[in-house]
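1. can't give you the sequence, but here's the structure:
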């Protein structure tokens, strides 16, 4: 009598399993899906870019402040994700209004869950090179004044800047600021301790030639993947007393107080958006940005349906496909807001990179990255003028000019062949060096005021001088003591050439780190450099032995 009941339970269980599997593999919730959030009614913010955007998890709403569009803004809005209504708390205010943050764009922001406050910091304002280092908190519970309070500026206060990385994680008690730009590119990291209300230094910064830490830059995609773990991608490393790629393609996460580099994968870009993925620890998602620039020769652009995920614990990226809930995808854009919410990740506004101007639309990304298809593999996908510059410098100074000096020093017994090869090598090497210098100018924003560029200019001038000097050398007659002019010429030509050849090798070594060259390229260069050093040492020892025998 129990058999029918048992069979019934079995059928119910089997049906439940089938439904679950169908829902997981065929349902839209299992895939990455973009859904446009249409406001139901009422007023909406004017289109804009570079705004502050944060998520209030206590009330399931967004806070949005400032940005740039038809004008520079400092208005304050909220968007209720349940009612889908915008609410303007404060309209645009004059910069002269006391107790209210000035108009600005490219802002670091976050929502302090413990106190229910919306925070903003840094940015660029009205006027020529007006930057900020202040920090403001908006408390919706204030019943008097504007609701804004400027927090105390004490401790390790950061220099004024815009285009920085950082933010405040929903579980955090510190707002982070890292990198950015004002009169120069920054690479330091600080945090504002909201419990003590003071700035604390986290990372003092690094030079532009570091192999293990992120170089100075601005205009990055950035997010907070945990309370004390900022992550950023790409940006612009050129200009502001610095050189380097613009756009960049490297990504870094601050893990346990130290910067760790992620694998290279996504296309090089600046002005991109980034947010932590709320369903998986140590995970962030990247979308949008500008991939074109005057410095770019080739850059494989992201697909229209591409979103890029990175796990900061493993350093691995994935290029994934997202579909549109109604067949439509968000416009590709730059300088947009991007923030994690309870259901996924939201993007807002920005400037269309497909010609549609400024935007003020809202899109929600939901689903399971593990169920999404890949749009492509990781690997080198870009080539800049500065990469071509480096190639010509390695060929000219690392191979051709060095070979010319080597032959002149150790193969004089092969006259007159050694001289012909030496002369041809020096003329060819100097020409390739000049071409390499010319190629760097289309893609750089940097004034030549840092070591690599200054050394490069000095080396170029000397190499041209050496060629001209060699062609106009004072002649000497066989069997006759050379005149003093010839002795001085030989001293300058030989020792000056050797010194600048060594300086050229050192400068290439700086350059491969400056442009964040792939590890393989760096390895190839240092193998070449090391082999030449070994060859010079070995042949110099042999030469000295032969010289002593002759004596």
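-> Nice, thanks for sending it over. Keep in mind the model is a prediction, meaning the values are calculated, not measured.
2. give me the number of residues near residue 131?
-> Counted with other C-beta atoms under 10 Å, the neighbours of residue 131 add up to 19. The way it works is simple: take the backbone N, C-alpha and C, and place the C-beta from them, glycine included.
3. how about it, what does it touch?
-> 122, 123, 124, 125, 160, 161, 162, 182 (C-beta atoms under 8 Å, 6 or more residues apart in numbering).
4. can you tell me which residues contact the third one?
-> The contact partners of residue 124, taken as C-beta under 8 Å, 6+ apart, are 104, 105, 106, 130, 131, 132, 162, 163.
5. ok, the fifth one to residue 206 distance?
-> Taking C-beta to C-beta, to the nearest Å as the criterion, residue 131 is separated from residue 206 by 21 Å.
6. Scan the protein for its longest helix.
-> As assigned by DSSP state H, the longest helix anywhere in the chain is helix 519-550.
7. Okay, helices next: where are they in the protein?
-> With DSSP H as the criterion, the chain has helices at 3-26, 385-395, 401-410, 417-440, 451-471, 484-491, 497-514, 519-550.
8. Take these and write them to JSON lines, including distance to residue 47 and mean pLDDT.
-> Below are these laid out as JSON lines (distance: least, C-beta to C-beta, whole Å; pLDDT from 0 to 100):
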{"stretch": "helix 3-26", "distance to residue 47": "37", "mean pLDDT": "39"}
{"stretch": "helix 385-395", "distance to residue 47": "33", "mean pLDDT": "93"}
{"stretch": "helix 401-410", "distance to residue 47": "55", "mean pLDDT": "94"}
{"stretch": "helix 417-440", "distance to residue 47": "37", "mean pLDDT": "90"}
{"stretch": "helix 451-471", "distance to residue 47": "39", "mean pLDDT": "84"}
{"stretch": "helix 484-491", "distance to residue 47": "68", "mean pLDDT": "80"}
{"stretch": "helix 497-514", "distance to residue 47": "38", "mean pLDDT": "92"}
{"stretch": "helix 519-550", "distance to residue 47": "42", "mean pLDDT": "91"}
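9. low pLDDT regions in the stretch 51-200 of the chain?
-> 143-144 (pLDDT under 70).
10. what ranges do the strands span in it?
-> For the stretch 51-200 of the chain, the strands defined by DSSP state E, counting those that start in this stretch cover 52-56, 61-68, 72-80, 85-90, 108-112, 117-121, 135-138, 148-150, 165-167, 174-178, 189-193, 198-203.
11. How far does the fifth one sit from its chain's centre?
-> Centre-to-centre, strand 108-112 and its host chain are 22 Å apart (C-alpha atoms, centre = their mean, to the nearest Å).
12. Contacts for it, please.
-> Taking C-beta under 8 Å, 6+ apart as the rule, strand 108-112 contacts 52-57, 63, 65, 117-123, 137, 164-170, 172-173, 175-177, 194, 224.
13. Among those residues, the buried ones, what's the ChimeraX command?
-> The buried subset of the contacts of strand 108-112, as determined by 16 or more other C-beta atoms under 10 Å, is captured in ChimeraX by this line:
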select :52,53,54,55,56,63,65,117,118,119,120,121,122,123,137,164,165,166,167,168,169,170,172,173,175,176,177,194,224
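14. coming back round to it: among the contacts of residue 124, which pair sits farthest apart?
-> 130 and 163 (13.8 Å; C-beta to C-beta).
15. More neighbours: which of those two?
-> Higher neighbour count among residue 130 and residue 163: residue 163, with 28 against 16, using other C-beta under 10 Å.
16. Please name the nearest non-neighbouring residue to that one.
-> Nearest residue to residue 163, sequence neighbours excluded (C-beta to C-beta, 6 or more residues apart in numbering): residue 218, at 3.4 Å.
17. Identify the residues contacting the one you found.
-> By C-beta under 8 Å, 6+ apart, the contact set of residue 218 is 161, 162, 163, 164, 179, 180, 181, 185, 186, 235, 236, 240.
18. Residue 76 versus the second one, what's the distance?
-> In this case it means residue 162. Distance from residue 162 to residue 76, by C-beta to C-beta: 19 Å.
19. Verify the contact between residue 283 and residue 307 for me.
-> No. At 11.9 Å, residue 283 does not count as touching residue 307 under the criterion of C-beta atoms under 8 Å.
20. Show the contacting residues for the nearest residue to residue 192 once chain neighbours are set aside.
-> The shortest distance from residue 192 to any residue other than its chain neighbours is 4.5 Å, reached at residue 175 (C-beta to C-beta, 6+ apart). Residue 175 makes contact with 108, 110, 119, 121, 135, 166, 167, 168, 191, 192, 194 under the criterion C-beta under 8 Å, 6+ apart.
21. what's the answer for residue 321, then?
-> Counting by C-beta under 8 Å, 6+ apart, residue 321 touches 32, 303, 305, 306, 307, 372, 373, 374, 375.
22. again, but for residue 522
-> Counting by C-beta under 8 Å, 6+ apart, residue 522 touches 211, 512, 513.
23. circling back to that earlier point, just the buried ones from the contacts of residue 321?
-> For the contacts of residue 321, a burial check counting by 16+ other C-beta under 10 Å picks out 32, 305, 306, 307, 372, 375.
24. re earlier: the helices of the chain: which one's closest to residue 361?
-> Proximity to residue 361 (C-beta to C-beta) singles out helix 3-26 among these, at 28.4 Å.
25. my guess is residue 32 contacts residue 364, does it?
-> No. Judged on C-beta under 8 Å, residue 32 makes no contact with residue 364 at a distance of 11.2 Å.
26. Between residue 162 and residue 76, tell me which one has more neighbours.
-> Ranked by neighbour count (other C-beta under 10 Å), residue 162 and residue 76 place residue 76 first, with 27 against 23.
27. Now the residue nearest to the spatial centre of the chain: closest residue in space, sequence neighbours ignored.
-> The centroid of the chain falls nearest to residue 234 when counting by C-alpha atoms, centre = their mean (2.2 Å). Distances taken as C-beta to C-beta, 6+ apart place residue 248 nearest to residue 234, at 4.4 Å, with adjacent residues excluded.
28. quick one, what contacts that neighbour?
-> Residues counted as contacts of residue 248 (C-beta under 8 Å, 6+ apart) are 217, 220, 234, 235, 236, 237, 268, 270, 516.
29. one more time with 10 Å, if that's ok
-> By C-beta atoms under 10 Å, 6 or more residues apart in numbering, residue 248 lies in contact with 214-215, 217, 219-220, 232-238, 268-270, 382, 384, 515-516.
30. and what of residue 247?
-> 217, 219-220, 233-238, 267-272, 289-293, 295-296, 299, 382, 384.
31. Using neighbour counts, trim those residues to the buried set.
-> For these, buried by 16+ other C-beta under 10 Å: 217, 219-220, 233-238, 267-272, 289-291, 293, 295-296, 299, 382, 384.
32. In strands only, show me the residues you listed.
-> 233, 296, 299, 382, 384 (DSSP state E).
33. so which of those residues comes closest to residue 44?
-> Nearest to residue 44 among these is residue 233, at 29.4 Å by C-beta to C-beta.
34. From residue 68, how far off is that closest one?
-> Separation of residue 233 from residue 68 (C-beta to C-beta) stands at 22 Å.
35. same check, this time on residue 310
-> According to C-beta to C-beta, residue 310 and residue 68 sit 28 Å apart.
36. Which residue of those two possesses the greater neighbour count?
-> More crowded of residue 310 and residue 68, by other C-beta under 10 Å: residue 310, with 27 against 20.
37. can you tell me which residues contact that one?
-> The neighbourhood of residue 310, defined by C-beta under 10 Å, 6+ apart, consists of 223, 225, 231, 233, 251, 253, 262-263, 265-266, 274, 277, 282-286, 316-318.
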